[in-house]
Each structure stands twice: as structure tokens, then as C-alpha cells.
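Trainee: build me a model from this:
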Amino acid sequence: MDDDAVLASWRYDDIRRVDGARGLRLRSAAATGQARLEIEDEAAGRRVAELCPALDRDGGGGQPWRIVGWSLAAAASIVLMTLYGIPLVADRLAMIVPAPAEQRLGEAVDRQVRALMGGKLCTGPEGQRAFTKMVEALKQAGGGSAVLEARVLSSPVPNAVALPGGRVYLFEGLLRRARDPDEIAGVIAHEIGHAEHRDGLRGVIRTGGTSFLFGLLFGDISGSGAVIFASRTLLNASHSREAETAADDFAIRAMTRLGRSPASLGEFLVRITGSGGRTTLLDSHPVSSERLERMKQAAPAETGPPILTEQEWRALQRVCSQG
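Mentor: Numbering: from 1, shown residues only. Below is the predicted model:
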């Protein structure tokens, strides 16, 4: 090739700096392709740099700002996905997740819940039989079809929760505060409603996905905190308003078909959370006056037989003290 041949002609205004191993490395912002010019002589490099007014406009000098811009864009994308994308995906995905997959996820969440609460399963046989009787009666009356495993957990926290895979826990702290079986039955019917609608699975997908995305943002690329974060969210009963209404509907249907007033659910929760301050996990979804009034208006005209006998109720109350 002739050494005097002109390979390309670049305008000074179009010349940009490119990071190089040594010397001055240049490119043209107006040229196509990957053509580069390397100047190793320092004096020649300084002279060329003086002639190029836009040398660092979008080259090495602009690189930090581009990094900041892309980082902000990525963060905004994660926030938008958290607010809008993940809830939408969770609603769709929860309905198509196979039962075996939900069971495995439920086992992982179950281990975290029991570790977080520090409780163990109550094993009083008579009390467990009474609790199983209550759960089956409520499930059938409400028209439920989910396979349930309902147990009492020896935790002092007044709460009840439905986990993915059909696990329903009644915490001993809530059982001790109940005055009669109907109050516990109303709460359990509400949790069965969450299990029927797979709200626990939906919550794990939503909050676990959110935790995973923020883990990516802040460096936890393994997503190891997702299940723990989702388990804590389930314990705080942070279901959507629509999910709470649907669970209320199930509880109202189940209780009224058994001839028992669903108002026991609302009045029980109001009594627990109405003292002011955040003292129980149930405070995270307080019963509004509208919800309570709807439960009162649904009271059946005729009262049915008790869901549990006096003997069964006493056995349930002692389920954690007998093994």
C-alpha cells in the first residue's frame, strides 16, 4: 500500500478520544465502522488535542455521566417493575403454578415462618381433632376444594396465616384471646378463603420477586433473601384489599351456612387491635367499619348448632399444653 494514500478524512470537530493502552487513541463521531487512529508521539498527541475542540465530549470525559445515566435508568426500571410489573405477573402466574411446585415453595416458606416465630407444633391429640373438625366444617360450608393442613403453632403472637400449599396456622396467642369457638372459626374461615384463592402463593411471588429485584440493585445477585422477605410479608398479612374482601366473602358464606354469625370475625379482630398502637401482627389489616357492618348484616336468621361442643372447645384451648 502506498504510504501517501489517504485512508480517511476526519473533521477536527468530529474527533473523539477513545481509551487506549498507550498514547492518544482517536475515532470520528461521524465515521461509520470501527476506524481508530493511534498517536504514540506525545508532542504530536498534544498538538492534535489542541486542534480538536470536542475531543472529550462523549468519549472518556463523558463516560462517567453515561454510567450514572444508565444506572439511574436501571434503578427506575426496577422500581417500575416492583410497582406495576411484578403484581401483574404474580396475579397471572399464581393461577397456573402446578400444585407440586406450590407445595415445595410452601415447605420453604413454612420453615422460615416457624424459624421466625420460634414456635413448635402443638400436639394435643384431642385438641388437634377438634381443630381439624372445625376446619373441615368451614371448608365444606364455604365450598372450598383446596387440600388443607391446619395446625396450631405454640407462638404467643395473636395471629393466623395461610401459607402456599394449603398450610393454615392458628397461633396459640390468638387462641388464648378468643372467648368462644365462633371467634376462632371466623378467623380460620377467612384464612381458608386466602388458601382457596392462592393468596399466599401470590404474595410470595410478588414480594419474593420484589426482594430479588432489589437484591440485584444492591448486590445480592443470588436472591437469597427473597424467601425470608416473602415469609415476613405473609406473617404481616399484607394482602391486597381485593384479596381481603374475597377472603371475607368466603368466611361470611361458610359461617352463615353453618348458622353462625360472621360478625364474630370482625368483632374479635376489633377487640384485639382496637386498643391503639401496633401490638399484634393483625394490626396490618385492621377491620374497617364497612367490613364489620357487612359481616353483621350477613348474620343468619336462624342459629345453627355450635361448630364445636363445649368439650371440643376446651380440648382445642389445651392443644398446646397436652402432648
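Trainee: following the helix or strand bottoming out on mean pLDDT in the chain, which helix or strand comes up?
Mentor: Here the helix or strand of the chain ranked lowest by mean pLDDT, DSSP states H and E is helix 226-235, holding a mean of 52. Moving toward the C-terminus from helix 226-235, the next helix or strand (DSSP states H and E) is helix 241-257.
Trainee: any weak-confidence spans in this structure?
Mentor: Filtered on pLDDT under 70, the chain yields the residue ranges 1-4, 20-21, 58-97, 207-239, 274-288, 323.
Trainee: tell me which element Tyr169 falls in.
Mentor: Counting by DSSP H and E, Tyr169 is part of strand 167-171.
Trainee: that strand: partners in the sheet, and parallel or antiparallel?
Mentor: Paired strands of strand 167-171, with direction, are strand 149-153 (parallel), strand 160-163 (antiparallel) (DSSP bridges).
Trainee: so what touches whichever helix or strand comes after it?
Mentor: As assigned by DSSP H and E, the chain's next helix or strand after strand 167-171 is helix 172-177. Under the contact criterion CB atoms under 8 Å, 6 or more residues apart in numbering, helix 172-177 has outside partners 119, 122, 152-160, 184, 187, 268, 271-272, 280, 282, 316-317, 319-320. For every residue, glycine as well, the C-beta is placed using N, CA and C.
Trainee: now do 7 Å
Mentor: For helix 172-177, contacts defined as CB atoms under 7 Å, 6 or more residues apart in numbering pick out 122, 152-160, 184, 187, 272, 317, 320.
Trainee: next, work out how far apart Gly142 and Gln297 are.
Mentor: 18 Å (CB to CB, to the nearest Å).
Trainee: which one's more surrounded, those two?
Mentor: Gly142 (22 against 10; other CB atoms under 10 Å).
Trainee: so the more buried one makes contact with His190?
Mentor: No. Gly142 lies out of contact with His190 (CB atoms under 7 Å); the separation is 10.1 Å.
Trainee: how about the helices in the stretch 1-150 of the chain?
Mentor: Taking DSSP state H, counting those that start in this stretch as the test, the helices found in the stretch 1-150 of the chain are 42-51, 63-80, 86-94, 99-117, 125-142.
Trainee: now the first one: buried residues?
Mentor: The neighbour-count check on helix 42-51 (16 or more other CB atoms under 10 Å) flags Gly45, Val48, Ala49 as buried.
Trainee: next up, the contacts around the second one.
Mentor: Going back to what we said before, that points to Val48. Each residue near Val48 by CB under 7 Å, 6+ apart is listed here: Leu24, Ile39.
Trainee: cutoff 10 Å now
Mentor: Counting by CB atoms under 10 Å, 6 or more residues apart in numbering, Val48 touches Tyr12, Ile15, Leu24, Leu26, Leu37, Ile39, Asp41, Leu55.
Trainee: and the residue lying closest to the second one once chain neighbours are set aside, how far from Asp14?
Mentor: With sequence-adjacent residues excluded and distances taken as CB to CB, 6 or more residues apart in numbering, Ile15 is closest to Cys52, at 4.4 Å. Per CB to CB, Cys52 is found 9 Å from Asp14.
Trainee: try Glu267
Mentor: Glu267 is 77 Å from Asp14, where distance means CB to CB.
Trainee: these two: which has the busier surroundings?
Mentor: Glu267 (20 against 15).
Trainee: ok, what's across the strand from Tyr169?
Mentor: With DSSP bridges applied, Tyr169 shows beta-bridge pairing to Arg151, Val161.
Trainee: touching, it and Val187? I think so.
Mentor: No. Look at Tyr169 against Val187 with CB atoms under 10 Å: they stay out of range, at 11.2 Å.
Trainee: what sits against Leu316?
Mentor: 122, 124, 126-131, 133-134, 152, 170, 175, 178, 181, 184, 308.
Trainee: next one: Gly259
Mentor: Residues near Gly259 by CB under 10 Å, 6+ apart: Ala141, Ala299, Pro300, Ala301, Glu302, Thr303, Gly304, Pro305, Pro306, Ile307.
Trainee: shouldn't the first one be in contact with Gly193?
Mentor: No. Using CB under 10 Å, Ala141 is not in contact with Gly193, being 11.8 Å away.
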